[in-house]
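Asker: structure here, sequence nowhere to be found:
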């Protein structure tokens, strides 16, 4: 294509100034962007309000899209169910898959019960979810793995609360605005979750690798006891997540642990529930610097 | 009476008699289409890989390369600001990268005034590669080798989809300059 003549200002002073100002604004814009970027590296939550407002602004569209998404998924499930042996078969299969995960979680509970046998007068209250909502979107073009949830501070959602689906852990609330919130998914490279093997006391950290897999890093190094197929559940350490929720299933072992797949894929879930922080005192303790006293 | 050429009084943008371009449409369409491109990647739920191309940047590049002279050099700043609200990167990332992309295209255009579509595609390829690599480096998280490998499908898809966006922009440009009935 022929070059445009707009860059040639000729003898016109006005055109020359316009052109020059354009370049100056472009350079200043890049500079402002660099400053904002540096700022948000040191204070990641600084522009959370702006982002939240933008999310709330487009929430009618995202809510509708997520309704259609979950609706169409159910539709396809039914079709594929008929293709095999009727929709009942599909429902049963889904149920059995969850039952298998539940079985692994039950192993964890059994193990925990053995530990707690000697202790009496333990309060074991069932926790009510703070909110139940759809995942309305995600940062699909970014390296980071965030999801957007259709519930916010109006529904009682707070930063740090765990998000789970019927299958297992999805992630943790990172930013909250009035009608929506941002979830840090398990597969993000910044996500670290204390876990343990469901059948015994092998404790580890589950870290996102950034490519959809989870790296399991054992805390006690030595002979690696893990085998492919091991199910990992939350250990409850750290205070954010209640213990015993399914997290990941091991696919291969490495020197210091293994590589695992997440059990609860956010893309395949309809509704998720936000639960209160399991032990707020523990979280507060972890956030308090060592120099400061925790109790009065 | 039959005319020799029934389209003799019209051109690609419609009939010329009693019709004129809409000023607001001609000004709004490029900016609005880029903003829509910035918002669209929100909708799919990608839990494993960044699979959706950065559609806002693709739209900006397509407008800049298919219709040179239409977007001002400084367009990267306001449009990047909008993109930053939705893209999941640290705030300011799109402002700085989009501004640099616009300046880079300007420089390339000065060096190579006579270009064909292949050269434009090549330019877009290099800029997209740089953008995605910078996105991996400046994502606010620890850049790992696994997340770099996970970038490859997105990169390939983005490069391959650019010609489609160039055609889309050509279509939008025809729509932008359509003549409407003037009263």
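Answerer: The structure has been received and is ready for your questions. Being a predicted model, the structure only gives us computed values, none of them experimental. Numbering: from 1, shown residues only, chains lettered A, B, ... in the order given.
Asker: from the chain's centroid, how far away is stretch B:107-114?
Answerer: 19 Å (CA atoms, centre = their mean, to the nearest Å).
Asker: okay, now the unreliable bits of chain B?
Answerer: Applying pLDDT under 70 to chain B flags the ranges B:1.
Asker: quick check: longest helix of it.
Answerer: helix B:152-176 (DSSP state H).
Asker: tell me how far that helix is from the chain's mean position?
Answerer: 7 Å.
Asker: direction included, what does the helix or strand that that helix is followed by pair up with?
Answerer: Going down the chain from helix B:152-176, the next helix or strand is strand B:179-181, by DSSP states H and E. Sheet pairing for strand B:179-181, assigned by DSSP bridges, gives strand B:19-21 (antiparallel).
Asker: closest to the centroid, which residue in chain B?
Answerer: residue B:59 (1.6 Å; CA atoms, centre = their mean).
Asker: kindly report the same for chain A.
Answerer: residue A:185 (1.8 Å).
Asker: which elements pack onto the longest helix of chain B?
Answerer: Applying 3 or more CB pairs under 8 Å, 6 or more residues apart in numbering or on different chains; DSSP states H and E, one finds that helix B:152-176 contacts helix B:23-39, helix B:55-66, helix B:117-137. Where C-beta positions appear, they are placed from N, C-alpha and C, glycine not excepted.
Asker: of those, which is nearest residue B:166?
Answerer: helix B:55-66 (5.1 Å; CB to CB).
Asker: how is chain A divided into domains?
Answerer: A:74-116, A:131-287 (automatic domain parsing).
Asker: mind listing residues that contact the longest helix of chain B?
Answerer: By CB atoms under 8 Å, 6 or more residues apart in numbering or on different chains, the residues outside helix B:152-176 that reach it are A:141, B:12-13, B:25-26, B:29-30, B:33, B:49-54, B:58-59, B:61-63, B:65-67, B:117, B:120-121, B:124-125, B:128-129, B:132.
Asker: filter these to the buried ones?
Answerer: With burial judged by 16 or more other CB atoms under 10 Å in any protein chain shown, the buried subset of the contacts of helix B:152-176 is A:141, B:13, B:29-30, B:33, B:49-50, B:52-54, B:58-59, B:61-63, B:65-67, B:120, B:124, B:128, B:132.
Asker: that older thread, want to throw the helices and strands packed on helix B:152-176 into CSV with distance to chain A?
Answerer: Listed next are the helices and strands packed on helix B:152-176 as CSV, based on distance: least, CB to the nearest CB, whole Å:
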stretch, distance to chain A
helix B:23-39, 6
helix B:55-66, 7
helix B:117-137, 5
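Asker: now render those helices as a markdown table, adding distance to residue B:150.
Answerer: Formatted as a markdown table, the helices and strands packed on helix B:152-176 follow (distance: least, CB to CB, whole Å):
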| stretch | distance to residue B:150 |
| --- | --- |
| helix B:23-39 | 22 |
| helix B:55-66 | 19 |
| helix B:117-137 | 9 |
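Asker: so where do the strands sit in the stretch 101-250 of chain A?
Answerer: A:131-138, A:146-149, A:162-164, A:169-176, A:181-185, A:192-197, A:203-208, A:213-218, A:231-234, A:246-254 (DSSP state E, counting those that start in this stretch).
Asker: what's the first-to-last distance across stretch A:253-270?
Answerer: Its first and final residues considered, stretch A:253-270 spans 32 Å by CA to CA, to the nearest Å.
Asker: just to revisit the earlier point, wait, which of the strands of the stretch 101-250 of chain A is closest to chain B?
Answerer: Among the strands of the stretch 101-250 of chain A, strand A:131-138 comes nearest to chain B, with 4.0 Å by CB to the nearest CB.
Asker: quickly run through the sheet partners of the closest one, with directions.
Answerer: Strand pairing (DSSP bridges) places strand A:131-138 next to strand A:146-149 (antiparallel), strand A:271-274 (antiparallel).
Asker: pLDDT at residue A:68, what is it?
Answerer: On pLDDT, residue A:68 comes in at 83.
Asker: for it, give me its contacts.
Answerer: Contacts of residue A:68 by CB under 8 Å, 6+ apart: none found.
Asker: correct me if wrong: the residue nearest to the centre of chain A contacts residue A:142.
Answerer: No: counting by CB atoms under 8 Å, residue A:185 sits too far from residue A:142 to count as a contact (11.7 Å).
Asker: after the helix or strand where residue A:26 lies, next one along is what?
Answerer: Secondary-structure assignment from DSSP H and E places residue A:26 in helix A:13-42. Downstream of helix A:13-42, the next assigned helix or strand under DSSP H and E is helix A:48-57.
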